[in-house]
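Below is the sequence, then the predicted model.
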Amino acid sequence: MSYLCGMKAENPQTNILANLGISALNEMQFAAQRAIVNKPNTILLSSTGSGKTLAFLLPILQLLREDVKAVQCLVIAPSRELALQIEQVWKKMGTKFKVNVCYGGHSIDTELNNLSNPPALLIGTPGRLADHLERKSFETSSIKMLVLDEFDKSLQLGFQDEMNTIISQLPNLEKRVLLSATSDVEIPDFIQMESPVTLDFTREEKDKSLSVKLVVSPEKDKIESLFQLICSLNSEPALIFCNHREVAERISDLLNKKGIHTGYYHGGMDQDDRERILIQFRNGSLNYLITTDLAARGLDIPEMKHVIHYHLPAKESEFTHRNGRTARMHASGTAYIISYKEDKLPDYIPEYPDILQVKAGKPLPQRPEHQTIYISGGKKNKLNKSDIVGFFLQKGKLDKTDLGLIEVKDFISFVAVRASAVKTLLTNIREEKMKGKRYKIEVARNVIKKAD
């Protein structure tokens with residue numbers, strides 16, 4: 001049996017669980033670890049937020065060899081957001097093994113430079129990985145493990161050809177791991193999953209902690225019902241799902257005009273804008289995000305108590321993924337369906353939900369507690385979180401309680417600062433240098449430019 005199974009954080013062999021801030025593995029992670037270590041092919045089905053990323057990264061760590069200086073494990077993810085999230089978890093684990101991530105919209109030259117010193121663990125999106133294989137950016141002969149995370153989404157997005165191309169160039173695979181939050185997907189032959197062990201935790205996780213409420217809209221345009229619902233949520237954050245990009249933008253614009261500070265997120269936006277809006281949502285500078293199904297999975301965002309379906313998706317699997325943003329692990333949450341009074345609910349909603357009567361006249365939600373501060377420097381400029389904290393406290397005259405989430409990227413950084421302290425901060429640091437260099441430091445823009 002693996003030494004990590006059921007281990008305690010004080011085990012001298014590793015501080016992984018302590019680094020991740022958890023005390024023990026859950027039942028699903030424990031079962032996944034045993035299967036992945038001991039069996040050649042594993043399918044893991046478990047809901048969003050249940051800890052699937054750690055469930056496959058821990059056994060991968062056990063199977064990596066320090067004497068192999070090449071890529072040993074390839075992880076394919078359908079979106080850059082999920083790929084980056086997996087990388088972030090690996091880095092938090094604090095292992096000895098190098099990790100790199102490759103995705104569209106990222107500098108290919110940076111990736112080529114990173115791959116010149118191959119990582120043990122390579123994470124990427126299908127299109128970019130296929131590109132690197134065509135360029136022969138890394139050797140494939142040492143890759144013994146393949147992980148397809150959210151493989152159903154990769155198929156749904158039409159990545160069959162790219163995935164087939166990638167897998168066909170992995171001649172020495174010994175282990176395949178497929179992960180999904182839903183169980184209704186056929187596995188293509190090219191993945192070569194022979195006699196897999198299937199761990200299905202979706203039935204056990206059918207949300208006892210998730211309640212579903214129906215808000216009946218008297219108008220076909222449901223914006224007024226959405227407005228009143230948000231005003232009734234006690235200023236608590238919410239994700240609002242709709243089916244089309246242009247609708248997400250329209251709803252966000254209308255709610256902003258009504259006094260509710262919102263942002264939108266969808267696949268038609270520039271990569272930088274997508275990243276910035278998620279940072280503001282993560283750090284509490286933005287409480288309401290209007291989004292398409294792009295945000296239904298794979299994003300590193302806080303757990304939501306409230307998920308709102310302005311539109312219902314066509315498929316039950318997407319409804320499940322959306323709702324996976326709330327009631328995660330052992331927490332509770334509510335999914336709200338806003339439906340025009342004459343519309344019929346889809347068949348995949350088995351029981352008629354409880355009707356929630358939303359009253360008009362509730363006060364507007366409070367403005368977010370934090371604002372996001374942009375810094376024109378990051379890791380490649382030798383800046384880290386400690387540098388930023390020290391500068392903001394000493395030169396900016398802030399208190400530690402004024403600071404929220406800090407995210408340091410390669411060449412830029414973002415800091416959540418208590419809104420009431422922002423003016424003082426910017427005034428105090430106007431002429432100051434951080435580590436001997438003057439950086440551009442300002443309130444991060446939140447006006448989203450549409451992609452060309």
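Happy to help now that I have it. None of the values given here were measured: they were computed from a predicted structure.

next SSE after the helix or strand of the chain at the bottom of the mean pLDDT ranking?
Lowest by mean pLDDT, DSSP states H and E among the helices and strands of the chain is helix 151-156, with a mean of 83. Past helix 151-156, further along toward the C-terminus, the next helix or strand under DSSP states H and E is helix 160-168.

That next one: which residues count as buried?
Glu162, Met163, Asn164, Thr165, Ile166, Ile167 (16 or more other CB atoms under 10 Å). In this view, the C-beta of every residue, glycine as well, is placed from N, C-alpha and C.

Pull out the buried residues from the least confident helix or strand of the chain.
Of all the residues in helix 151-156, those buried under the rule 16+ other CB under 10 Å are Phe151, Asp152, Lys153, Ser154, Leu155.

a markdown table for the buried residues of helix 160-168, including pLDDT?
Shown next, in a markdown table, are the buried residues of helix 160-168 (pLDDT from 0 to 100):
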| residue | pLDDT |
| --- | --- |
| Glu162 | 93 |
| Met163 | 94 |
| Asn164 | 94 |
| Thr165 | 94 |
| Ile166 | 96 |
| Ile167 | 96 |
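
Just put these in CSV and tack on distance to Ser46.
Shown next, in CSV, are the buried residues of helix 160-168 (distance: CB to CB, whole Å):
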residue, distance to Ser46
Glu162, 25
Met163, 21
Asn164, 26
Thr165, 28
Ile166, 24
Ile167, 23
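
Pick out the most distant pair among those residues.
Comparing every pair within these by CB to CB identifies Glu162 and Ile167 as the most remote, at 9.7 Å.

All the helices of this protein, residue numbers only.
16-20, 27-38, 52-63, 80-93, 108-115, 126-135, 151-156, 160-168, 223-231, 245-257, 271-282, 316-323, 385-394, 422-428 (DSSP state H).

Tell me which of those helices lies nearest to Ser180.
Ser180 sits nearest to helix 151-156 of all these, at 4.7 Å, using CB to CB.

which secondary structure elements does the closest one contact?
Helices and strands touching helix 151-156, by 3 or more CB pairs under 8 Å, 6 or more residues apart in numbering; DSSP states H and E, are strand 175-180.

The strand it packs on packs against which elements?
Contacts defined by 3+ CB pairs under 8 Å, 6+ apart place strand 175-180 against strand 41-45, helix 52-63, strand 145-148, helix 151-156.

Lys175: which of these is closest?
It is, among these and with distance given as CB to CB, strand 145-148, at 4.5 Å.

partners of the closest one, with directions?
Within its sheet, and counting by DSSP bridges, strand 145-148 is paired with strand 73-76 (parallel), strand 175-180 (parallel).

Restrict the last one to CA atoms and write it as CSV.
Yep, that's strand 175-180 we're talking about. Coordinates of each C-alpha in strand 175-180 appear next as CSV, following Å, rounded to 0.1, in the frame of the first residue of the first chain:
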residue,chain,number,x,y,z
LYS,A,175,-0.9,3.8,-17.5
ARG,A,176,-3.9,5.7,-18.5
VAL,A,177,-6.2,7.8,-16.3
LEU,A,178,-9.5,9.3,-17.4
LEU,A,179,-11.4,11.8,-15.2
SER,A,180,-14.8,13.3,-15.4
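
Just the angle for that strand relative to helix 316-323, thanks.
Strand 175-180 and helix 316-323 are oriented at 80 degrees to each other (axes from the mean of the first three to the mean of the last three CA atoms, to 10 degrees).

List of residues touching strand 175-180?
With contacts defined as CB atoms under 8 Å, 6 or more residues apart in numbering, strand 175-180 is touched by 36, 40-46, 52, 55-56, 63, 144-153, 187, 191-193, 196.

That strand: how far from the chain's middle?
Offset of strand 175-180 from its chain centre (CA atoms, centre = their mean, to the nearest Å): 19 Å.

report the angle between the axes of it and strand 41-45?
With the same axes, to 10 degrees applied, the angle from strand 175-180 to strand 41-45 works out at 10 degrees.

if I look at Ile251, how far off is Ile412?
Ile251 sits at a distance of 29 Å from Ile412 (criterion: CB to CB, to the nearest Å).

Sorry, wrong one. I was asking about Arg438.
15 Å.

do Ile337 as well
38 Å.

List the buried residues in stretch 55-64.
Ala55, Phe56, Leu57, Leu58, Pro59, Ile60, Leu61, Leu64.

Generate JSON lines for the residues you listed, with pLDDT as supplementary columns.
Formatted as JSON lines, these follow (pLDDT from 0 to 100):
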{"residue": "Ala55", "pLDDT": "94"}
{"residue": "Phe56", "pLDDT": "96"}
{"residue": "Leu57", "pLDDT": "96"}
{"residue": "Leu58", "pLDDT": "94"}
{"residue": "Pro59", "pLDDT": "95"}
{"residue": "Ile60", "pLDDT": "95"}
{"residue": "Leu61", "pLDDT": "94"}
{"residue": "Leu64", "pLDDT": "95"}
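
In a markdown table: these, plus distance to Thr292.
As requested, these are exported to a markdown table (distance: CB to CB, whole Å):
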| residue | distance to Thr292 |
| --- | --- |
| Ala55 | 27 |
| Phe56 | 27 |
| Leu57 | 28 |
| Leu58 | 32 |
| Pro59 | 33 |
| Ile60 | 31 |
| Leu61 | 34 |
| Leu64 | 36 |
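
Closest one to Ile308 out of the residues you listed, please.
Closest to Ile308 out of the buried residues of stretch 55-64 is Ala55 (29.1 Å), distances taken as CB to CB.

which ones are touching the closest one?
Per CB under 8 Å, 6+ apart, neighbours of Ala55: Met28, Gln29, Ala32, Gln33, Leu44, Ser46, Leu179.

let's see 7 Å
By CB atoms under 7 Å, 6 or more residues apart in numbering, Ala55 lies in contact with Met28, Gln29, Ala32, Gln33, Leu44.

ditto for Ser235
Contacts for Ser235 (CB under 7 Å, 6+ apart) come out as Pro365, Gln366.

ok, now how distant is it from Ser285?
14 Å.

same deal with Ser195?
49 Å.

of the two, who's got more company?
Ser285 (27 against 7; other CB atoms under 10 Å).

so that one touches Ile373, yeah?
No. With contact defined as CB atoms under 7 Å, Ser285 does not count as touching Ile373 (9.4 Å).

Point out where the chain drops to low pLDDT.
Across the chain, the ranges flagged by pLDDT under 70 are 1-14, 184, 203-209, 298, 300, 302-303, 327-331, 350, 446-452.

And it, split by domain according to the record?
16-200, 210-355, 370-443 (automatic domain parsing).

hmm, back to that, which one's more surrounded, Arg438 and Ile412?
The neighbour count for Arg438 versus Ile412, taken as other CB under 10 Å, is higher for Ile412 (22 against 13).
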